[in-house]
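[1] Got a predicted model here, sequence first, then my questions.
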Amino acid sequence: YQDAFIHAMAKGVKAGGRNGSSSMEPIIRKGTHARVCAVDKAISAFLSLKLKDVRRQVVILGAGRDTTYLRYRFGCLNGFEEKQVDWFEVDHPFVIEQKAQGWLCNCAPDGYNYNSEMNVETGVSYRASFSNQGESDANSANSNSKYHLIGHDLRSPPSSLFEKLSDPFHGYDRSIPTIFVMECVIMYLPNDASLNLLRYLSGSADEKLRNQVDSFVAVALYDPIPNNDRFGQVMLNNLQKRGIAGQTDKDGERHEQLSLERTRTLSDHLTKLTKSGFDIAVGCHMMDAYDHGVVSIDDRRRAARCEMLDELEEFVLLMKHYCLCVGVHSSGDRYKSAAVTFCSAGKDSPIGFQDGGCTIVHT
C-alpha cells in the first residue's frame with residue numbers, strides 16, 4: 001500500500017535495528033501490510049455503500065499514529081469526497097496532544113498548510129485541516145473542518161466519549177451512518193469495559209438510541225485470537241511479562257481479565273459483537289483474509305515482491321492468530337439492505353469475504 005505520511009508521522013521515533021534501521025522481521029512487515037489492506041478495505045467498503053445519505057462518519061478508536069485519514073484526504077484510499085465525510089480520531093489525551101501539535105505538522109504535503117484549533121472548554125480535543133497554500137482561511141480549522149482529534153481514555157465510561165464526540169465543536173451526529181474502527185484496541189481493555197463500549201457503539205446501551213428510527217452503525221475490528229493453543233499462550237505470556245495481562249493487586253487478587261484473555265477465538269469475537277447489539281457480524285482469520293479476497297491479488301503480489309519469506313509455515317501460523325471482524329446494527333427499513341450487503345460473503349461482498357472462508361453470525 002502507499003503511505004506517503006508514515007515517515008513524517010514517525011519522525012523522532014528511534015528505530016531498533018542496526019544503524020537505525022527497522023528491526024521488524026519480514027514476517028511482521030508482511031503481516032502488517034495485510035492488516036492495513038484489510039482495514040482499508042472495510043473502510044472503503046463502508047464509504048462506497050449505496051446509501052441515500054450523502055454524509056458519512058469514520059471514528060478511529062485508539063488512533064495513535066494512524067495515517068488512514070491522511071491517505072484518504074490525499075487520494076490514497078477510495079471512497080467519498082473529503083467534504084462528505086467527517087473523520088474522528090480518539091486516543092489518550094497525551095497522544096492526541098502530540099499528534100495535533102507535533103506529528104501532523106510534519107505531514108502537510110508540498111503546497112499545503114496544516115491548521116488546528118483546540119477546544120479549550122472540553123480539554124484535549126482539536127479540529128484540524130490541510131489547506132492549499134495561498135488560499136483564504138475558508139479551509140482552515142474552523143467550524144467546517146472535517147477532521148477531529150479527541151483525547152479520551154477508552155477505559156472510562158463510554159457515555160463520556162459520546163459527550164465529547166457530540167460536542168458542537170466536533171458535531172458527531174448519531175443519525176449519520178458511521179463506522180467505528182479499532183485495531184488491536186479491544187484486546188487491551190478489561191473485558192467488561194470492552195462489552196460496555198461495544199454496547200454504546202451499537203446503541204443498545206442507550207434506550208433513546210435503541211428506539212431511534214433509521215440508523216446505521218458499523219464496527220471493524222482487527223484483533224489477536226489466542227485460539228487456546230500453544231502459540232496463543234505465548235502471546236498471552238508475552239503480555240504477562242510486560243505487566244499487561246494476568247496482573248494481581250497487592251493482596252494477590254487477580255485483576256479483571258482483559259478482553260484478549262476472554263475473547264480467544266473468531267467465534268468469541270463474533271458472538272461478542274452480536275451480544276453487544278450488532279445485528280450481523282462477519283469475520284475470518286487473517287490467513288483466510290489473505291487467501292480469499294479481502295486482501296487483493298495485486299496487494300499480495302506487491303507484498304511478495306517486497307518481502308521474501310523463508311518460513312511460510314510461520315507466516316501462516318501468525319496470520320491464523322489474528323482476525324478481521326465486521327458488525328452492523330441498523331434500524332428501520334432504510335438501511336436493512338445495506339447492512340446485509342456490508343456483512344455479506346461471496347462475489348458481491350464489498351469487503352471481499354468469501355463463502356467457506358469466513359463465518360457470519362446473525363442475532
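    Looks like it came in fine. Numbers count the residues shown, from 1 in each chain.
[2] quick one: residue 133 from residue 115, how far?
    When distance is defined by Cβ to Cβ, to the nearest Å, residue 133 is 11 Å away from residue 115. Every residue, glycine included, has its C-beta placed from N, CA and C.
[3] ignore the last one, residue 157
    32 Å.
[4] Compare those two and say which one has the larger neighbour count.
    residue 115 (20 against 13; other Cβ atoms under 10 Å).
[5] after the lowest-mean-pLDDT helix or strand in the chain comes which helix or strand?
    Per-element confidence for the chain was summarised using mean pLDDT, DSSP states H and E. The lowest value among helices and strands belongs to helix 207-210, with a mean of 64. Beyond helix 207-210 in the direction of the C-terminus, DSSP states H and E gives the next helix or strand as strand 215-224.
[6] which of the residues in that following strand are buried?
    Residues of strand 215-224 classed as buried: 215-224 (neighbour count, 16 or more other Cβ atoms under 10 Å).
[7] Dump that strand to CSV, keeping only the CA atoms.
    What follows is strand 215-224 as a C-alpha-only set of coordinates in CSV (Å, rounded to 0.1, in the frame of the first residue of the first chain):
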residue,chain,number,x,y,z
SER,A,215,-29.8,4.3,11.9
PHE,A,216,-26.8,2.6,10.6
VAL,A,217,-23.6,1.9,12.6
ALA,A,218,-20.8,-0.4,11.7
VAL,A,219,-17.7,-1.6,13.5
ALA,A,220,-14.5,-3.0,12.1
LEU,A,221,-12.1,-4.9,14.5
TYR,A,222,-8.7,-6.2,14.0
ASP,A,223,-7.6,-8.2,17.0
PRO,A,224,-5.5,-11.3,18.0
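[8] Tell me the neighbouring strands of that strand, and mark each as parallel or antiparallel.
    The partner list of strand 215-224 in its sheet, established with DSSP bridges, is strand 178-183 (parallel), strand 322-331 (antiparallel).
[9] Could you pull up the mean pLDDT of the longest one?
    Mean pLDDT, strand 322-331: 95.
[10] same thing with stretch 344-353?
    Rounded mean pLDDT across stretch 344-353 is 95.
[11] Now it - C-alpha only, CSV.
    The C-alpha trace of stretch 344-353 is given here as CSV (Å, rounded to 0.1, in the frame of the first residue of the first chain):
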residue,chain,number,x,y,z
SER,A,344,-22.1,-10.4,3.1
ALA,A,345,-19.9,-13.2,1.7
GLY,A,346,-19.4,-14.2,-1.9
LYS,A,347,-18.6,-12.5,-5.2
ASP,A,348,-20.7,-9.4,-4.3
SER,A,349,-19.1,-8.9,-0.8
PRO,A,350,-17.8,-5.3,-0.8
ILE,A,351,-15.1,-6.3,1.7
GLY,A,352,-14.1,-9.5,0.0
PHE,A,353,-15.3,-12.1,2.5
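[12] which parts of it are buried?
    Applying a neighbour-count criterion of 16+ other Cβ under 10 Å, the buried positions in stretch 344-353 are 344-345, 349-353.
[13] Closest one of those to residue 282?
    Looking at these and their distance to residue 282, the nearest is residue 353, at 5.6 Å (Cβ to Cβ).
[14] Spatially nearest residue to that closest one, not counting backbone neighbours?
    Among residues not flanking residue 353 along the chain, residue 345 sits closest, at 4.2 Å (Cβ to Cβ, 6 or more residues apart in numbering).
[15] I figured that neighbour hits residue 352, correct?
    No. At 9.1 Å, residue 345 does not count as touching residue 352 under the criterion of Cβ atoms under 8 Å.
[16] Who is residue 322 paired with across the strands?
    For residue 322, the beta-bridge partners are residue 224 (DSSP bridges).
[17] What is the neighbour count of it?
    Neighbourhood size, residue 322 [other Cβ under 10 Å]: 21.
[18] so what's it up against?
    By Cβ atoms under 8 Å, 6 or more residues apart in numbering, the residues touching residue 322 are 31, 35, 222-225, 285-286.
[19] cool, and residue 61?
    Residue 61 makes contacts with 90-91, 154, 180-182, 185, as judged by Cβ under 8 Å, 6+ apart.
[20] Just the CA trace of stretch 50-63, in PDB.
    Taking Å, rounded to 0.1, in the frame of the first residue of the first chain, the C-alpha atoms of stretch 50-63 are listed here in PDB:
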ATOM      1  CA  LYS A  50     -25.000   2.800  -1.800                       C
ATOM      2  CA  LEU A  51     -26.900   4.700   0.900                       C
ATOM      3  CA  LYS A  52     -29.300   7.600   0.400                       C
ATOM      4  CA  ASP A  53     -27.200   9.700   2.800                       C
ATOM      5  CA  VAL A  54     -24.500  11.900   1.400                       C
ATOM      6  CA  ARG A  55     -22.600  12.300   4.700                       C
ATOM      7  CA  ARG A  56     -20.700   9.500   6.500                       C
ATOM      8  CA  GLN A  57     -18.700   9.400   9.700                       C
ATOM      9  CA  VAL A  58     -15.500   7.500  10.400                       C
ATOM     10  CA  VAL A  59     -14.300   7.100  14.000                       C
ATOM     11  CA  ILE A  60     -10.900   5.600  14.700                       C
ATOM     12  CA  LEU A  61     -10.600   4.500  18.300                       C
ATOM     13  CA  GLY A  62      -7.100   4.100  19.600                       C
ATOM     14  CA  ALA A  63      -5.800   6.100  16.600                       C
END
